[in-house]
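J.: Quick one: sequence plus predicted model below, questions after.
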Amino acid sequence: MKFARSCAALVFALTASLALLPTSASAETKLKMTLNWKFEGPQAWFFLAQEKGYFKAEGLDVQIDSGEGSAASIPKVASGAYDVGYGDLGAIIEMASKFPASAPVAVYMMYNVTPYVVAVKANSPYKTLKDFEGHTLGGPGNDAALKLFPVVAKAAGVDSSKVNITNMAPNLREQMLMRDQIDGAFGFMLTVAFSAKAIGIDPDKELRFIKYADSGVDSYSNTLFFSQQIVKNHPEVVQGFLRAVNRAIKEVIANPEPGLDLVMKRDPLLNRNIERERLIATYKLQMSSPEIARIGLGDVDDVRLKRNIDLIVSTSNLTRTPALTEVFDRRFLPPRSERPSKL
């Protein structure tokens, strides 16, 4: 049985490796990428890198698929269904602890400001996470804030067993909150705010946000990550991908409109004005930690990353603490001089 499993693993690894080799017809390496969420403004740089040929210039043919949540993209890459993903670092840390042989590796940090919140109605009595004991919180099953709740609850002294959790489709989250079907909604602050705005809710007047950061969870969030197989055996693929994305990020920040054109091309039913606001708010609020003036966008502070790892390991009662390099590998980043220092 062990021999059979070993053979199966070898066949899988060889198949994955062969899939990355350029075909004679295209001479390009094919990659499958899963996003963090459905198509939206803050993904504009990926579409720009694809449409303007930046991936192609690096010898890459990248297929970009929408996602189902920031935590959901990690197992998709770990399983081999995708080569590269965009999603939550906390989920990578947990998988690196539990399944070190298959966990993907983060290579470019995008959201360096903690985005996780519980959204409540502006006139609700809930002020802190402790107030939700005996009440109901809800969110999509793959939402990263929901997945991280046991960690922040323990850090904030909340008995999570006393909090009722319910799941819903992503498009129902804000509606259920406003109809009092849930007392609070898990999510990224900007995702909830702009999803609310898209259905006629004024988030500035009708919502409040209880931030995880106020409970001492100063965590990184969305990051680009690759499978271990590619990181180890095809470093040039990772480097080329990051060069293309980094180039596109700078262009979108300088002029968002071409990137928004491509977002709208993928989902014409989106509200362009709302997606523009969402995009700009994302890079100004979620990607603009003061630390990037020192280390540049894409990199992490090792001391802060170690705190992130230790917090998730301790509060989730994990038995293994992954090394920093198992979670984040900066070797593939474009040179510091080429990465943004201010957004």
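T.: Received it, and whenever you're ready, just let me know what you need. All figures in this text were calculated on a predicted structure; none of them were measured in a lab. Numbers count the residues shown, from 1 in each chain.
J.: What is the burial count for residue 73?
T.: As a burial measure, residue 73 scores 30 neighbours (other C-beta atoms under 10 Å). Glycine gets a C-beta too; all of them are placed from N, C-alpha and C.
J.: Against residue 268, how distant is the nearest residue to it once chain neighbours are set aside?
T.: Sequence neighbours aside, residue 87 is the residue nearest to residue 73 in space, at 3.5 Å (criterion: C-beta to C-beta, 6 or more residues apart in numbering). The gap separating residue 87 from residue 268 is 25 Å, by C-beta to C-beta, to the nearest Å.
J.: And residue 174, by the same measure?
T.: For residue 174, the distance to residue 268 - C-beta to C-beta - is 22 Å.
J.: Between those two, which has more neighbouring residues?
T.: Using other C-beta under 10 Å, the more surrounded residue of residue 174 and residue 268 is residue 174, with 26 against 8.
J.: ok, that one - contacts?
T.: Going by C-beta atoms under 8 Å, 6 or more residues apart in numbering, residue 174 touches 119, 185, 192, 195-196, 199, 201.
J.: Please check those and keep the buried ones.
T.: The neighbour count (16 or more other C-beta atoms under 10 Å) marks 119, 185, 192, 195-196, 201 as buried among those.
J.: Would you tell me which one of these comes nearest to residue 76?
T.: residue 195 (22.6 Å; C-beta to C-beta).
J.: what does the model give that closest one for pLDDT?
T.: Listed pLDDT for residue 195 reads 93.
J.: Isn't residue 193 up against residue 201?
T.: No. With contacts counted by C-beta atoms under 8 Å, residue 193 stays clear of residue 201, the gap being 9.0 Å.
J.: Just the closest of the contacts of residue 174 to residue 337, please.
T.: Using C-beta to C-beta, those come closest to residue 337 at residue 192, 36.2 Å.
J.: show me what contacts the closest residue to that closest one other than its chain neighbours?
T.: Of all residues not flanking residue 192 in the chain, residue 119 sits nearest, at 4.6 Å (C-beta to C-beta, 6+ apart). For residue 119, the contact set (C-beta under 8 Å, 6+ apart) comprises 174, 177, 184-185, 187, 189, 192-193, 196, 207-210.
J.: Identify all contacting residues around stretch 294-311.
T.: With contact meaning C-beta under 8 Å, 6+ apart, stretch 294-311 is reached by 89-90, 93, 108-110, 112, 151, 155, 217-220, 242, 246, 249, 287, 291-292, 321-322, 324, 327-328, 330, 333-334, 336, 339-341, 343.
J.: from those residues, which ones fall inside strands?
T.: Those of the contacts of stretch 294-311 mapping onto strands are 108-109, per DSSP state E.
J.: Whichever of the contacts of stretch 294-311 count as buried, I'd like them selected in ChimeraX; how would that read?
T.: Only the buried entries of the contacts of stretch 294-311 go into this ChimeraX selection, using 16+ other C-beta under 10 Å:
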select :89,90,93,108,109,110,112,151,155,217,219,220,242,246,249,287,291,292,322,327,328,330,333,334,339,340,343
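J.: And the strands in this protein?
T.: Under DSSP E, the chain gives strands at 29-34, 60-65, 84-88, 105-109, 116-121, 136-139, 164-167, 184-188, 207-211, 222-226.
J.: Using CSV, write down the CA coordinates of the fourth one.
T.: It stands for strand 105-109. What follows is strand 105-109, C-alpha atoms only, in CSV (Å, rounded to 0.1, in the frame of the first residue of the first chain):
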residue,chain,number,x,y,z
VAL,A,105,4.1,29.4,-0.3
ALA,A,106,3.4,33.1,-0.3
VAL,A,107,5.7,35.2,-2.5
TYR,A,108,4.2,38.8,-2.8
MET,A,109,2.3,40.4,0.0
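J.: tell me the angle of it relative to strand 84-88?
T.: Between strand 105-109 and strand 84-88, the angle comes out at 70 degrees (axes from the mean of the first three to the mean of the last three C-alpha atoms, to 10 degrees).
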